[in-house]
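K.L.:
Pasted the sequence and its predicted model underneath.
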Amino acid sequence: MSKLKGWGLMDKVFDSGSPPISEITFDIGPLVLKGNAPPAEGVAEMCAPRRIALDKILVDAAVESGAELREGFSVQDLVVDGGRVTGIRGRSQGGSTVTEEARIVIGADGPNSIVARNVDAPSYDERPLLSCCYYSYWSDVPTDGLEFYSRGSRVIFAFPTNGGLTEIVTFWPNKEFHEYRADIEGNYLKTVDLVPALADRVRNGHREERFMGSAEVTNFFRKPFGPGWALVGDAGYQKDAVTAQGITDAFKHAELLAGAIDEGLSGNRPLDEALAGYEQERNESVAPIYDFTCGFLSTLEQPPPEMQQLFGALSGNQKETNRFFGTLAGTVPIPEFFSPENMQRIIGEAQKG
């Protein structure tokens, strides 16, 4: 949210009907933690807008800032001259072929990026597929802010979004995807039933849309630049959805990339050097959440003993509980909170108490 505030768009997101979220519930069965993540740059609230609302706000803001928008345009190929990308070739809404030149082509086109594929951008630090998920939107299902439930190898998220709806997401291990897919509604409801209090609300509500899901959320970094091209968002880096940090990371990286390109094209710094700096900053900023996501959370396994000790120690320690929530919201550094020294300090204080 701090990036949206900095761009002057935070209020527009709230005005779109995506309510501010402050309360977090972390329920792992025998233990329930409640609290609020510490603020970031003066912003204490989170929100979970639907893409149909968020994308329009972002696109409209880009157009107001001078960007040219072409709707219904399909990029089909890159134009390359002497090993350097110099533009794109695509098809307009009317069906005519269009070629455009550019000093740099940016692929913000997701994990199956046409730009990444055409320049053969190498991937690195890849991790195995971990979870799969299905979700839908419900009316008349109230939530207490963001609710997180872990039950064995199942995880459930419930949170408010646009239009007075509640989005409920269920996660299973990726290896069980075909079993889940064989009876999506039955398995979805069976998962929700693991939390009776939530299941009661769901049974008294109404599902407003079809079930949607994914089993192919891969974990990777890609080299995000080369001669005449760059990658941002899921095109250059992706991780399992269980920590719900994808859009937040994409906002941060878009700002980093814009700054690097400005440095390069303005002549303040060689462009390749500026883009190499962008890659380094990107990787350093997300390495902790990448490792954390690909750890026990997205494997949907039980926390290791020391982590279980930590969660037990957080019960009754509101300050540290809130800081733990900050690691999930991106407002508290993960290495700082989960350092052995800090974890032992929290556990030791609980034992003394």
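P.N.:
Looks like it arrived, so ask away. Note that the structure is predicted; figures quoted are calculated from it, not measured.

K.L.:
Scan the chain for its longest helix.
P.N.:
helix 271-292 (DSSP state H).

K.L.:
residues of that one that come out buried?
P.N.:
By 16 or more other CB atoms under 10 Å, the buried positions in helix 271-292 come out as 271, 274-275, 277-279, 281-282, 286, 288-290, 292. Every C-beta, even on glycine, is put in place using the N, C-alpha and C of the backbone.

K.L.:
so which of these comes closest to residue 153?
P.N.:
Set against residue 153, the nearest of these by CB to CB is residue 292 (18.3 Å).

K.L.:
ok, the closest residue to that closest one other than its chain neighbours to residue 281 distance?
P.N.:
Once flanking residues are discounted, residue 292 sits nearest to residue 334: 5.4 Å by CB to CB, 6 or more residues apart in numbering. Per CB to CB, to the nearest Å, residue 334 is found 17 Å from residue 281.

K.L.:
Does residue 330 touch residue 243 like I think?
P.N.:
No - in this structure residue 330 lies outside contact range of residue 243 using CB atoms under 8 Å: 9.1 Å.

K.L.:
Spit out the residues that contact those two alike.
P.N.:
residue 289 (CB atoms under 8 Å, 6 or more residues apart in numbering).

K.L.:
who touches the residue positioned nearest the centre of the chain in this structure?
P.N.:
Centrality entry for the chain: nearest residue to the mean C-alpha point is residue 246, 1.9 Å, by CA atoms, centre = their mean. By CB under 8 Å, 6+ apart, the residues touching residue 246 are 234, 238-239.

K.L.:
who wins for most neighbours among the residues you listed?
P.N.:
Per-residue neighbour counts (other CB atoms under 10 Å) across the contacts of residue 246 peak at residue 239, which has 25 neighbours.

K.L.:
just to revisit the earlier point, between the contacts of residue 246, which sits nearest residue 324?
P.N.:
Of the contacts of residue 246, the one sitting nearest to residue 324 (CB to CB) turns out to be residue 239, at 19.5 Å.

K.L.:
got a pLDDT number for that closest one?
P.N.:
pLDDT for residue 239: 95.

K.L.:
can you pull the contacts of it?
P.N.:
Residue 239 makes contact with 217, 219, 245-246, 286, 289-290, 293-294, 298 under the criterion CB under 8 Å, 6+ apart.

K.L.:
Go again with 10 Å.
P.N.:
127, 130, 217-221, 245-246, 249, 286, 289-294, 298 (CB atoms under 10 Å, 6 or more residues apart in numbering).

K.L.:
just residue 320 next, same as before
P.N.:
Per CB under 10 Å, 6+ apart, neighbours of residue 320: 33, 35, 310, 313-314, 337, 342-343, 345-346, 349-350.

K.L.:
Need these in JSON lines (columns: neighbour count).
P.N.:
Below are the contacts of residue 320 laid out as JSON lines (neighbours: other CB atoms under 10 Å):
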{"residue": "33", "neighbour count": "21"}
{"residue": "35", "neighbour count": "22"}
{"residue": "310", "neighbour count": "21"}
{"residue": "313", "neighbour count": "21"}
{"residue": "314", "neighbour count": "23"}
{"residue": "337", "neighbour count": "17"}
{"residue": "342", "neighbour count": "15"}
{"residue": "343", "neighbour count": "17"}
{"residue": "345", "neighbour count": "13"}
{"residue": "346", "neighbour count": "21"}
{"residue": "349", "neighbour count": "12"}
{"residue": "350", "neighbour count": "17"}
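
K.L.:
Just put those residues in CSV and tack on secondary structure and pLDDT.
P.N.:
As requested, the contacts of residue 320 are exported to CSV (DSSP: H, G, I helix; E, B strand; the rest coil; pLDDT from 0 to 100):
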residue, secondary structure, pLDDT
33, strand, 96
35, strand, 96
310, helix, 93
313, helix, 95
314, helix, 95
337, helix, 94
342, helix, 95
343, helix, 94
345, helix, 95
346, helix, 95
349, helix, 91
350, helix, 91
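
K.L.:
Nearest to residue 111 among these?
P.N.:
Ranked by distance to residue 111 (CB to CB), the contacts of residue 320 are led by residue 337 at 28.8 Å.

K.L.:
name the element the nearest residue to that closest one once chain neighbours are set aside belongs to?
P.N.:
Nearest non-adjacent residue to residue 337, counting by CB to CB, 6+ apart: residue 327, 5.1 Å away. Using DSSP states H and E, the element containing residue 327 is helix 318-329.

K.L.:
for that helix, what is the average pLDDT?
P.N.:
94.

K.L.:
Number the chain from 7, please
P.N.:
In the new numbering, first residue 7, that becomes helix 324-335.

K.L.:
May I have it exported as CSV, CA atoms only?
P.N.:
Output of helix 324-335 as CSV, limited to C-alpha atoms (Å, rounded to 0.1, in the frame of the first residue of the first chain):
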residue,chain,number,x,y,z
GLN,A,324,1.2,-8.7,21.2
LYS,A,325,4.2,-6.6,20.2
GLU,A,326,6.1,-9.5,18.8
THR,A,327,3.0,-11.0,17.3
ASN,A,328,2.4,-7.8,15.4
ARG,A,329,6.1,-7.9,14.2
PHE,A,330,5.6,-11.4,13.0
PHE,A,331,2.6,-10.3,11.0
GLY,A,332,4.8,-7.6,9.6
THR,A,333,7.0,-10.2,8.1
LEU,A,334,4.0,-11.5,6.2
ALA,A,335,2.9,-8.0,5.2
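
K.L.:
Which positions within it qualify as buried?
P.N.:
So helix 324-335, judged by 16+ other CB under 10 Å, has buried residues 326-335.
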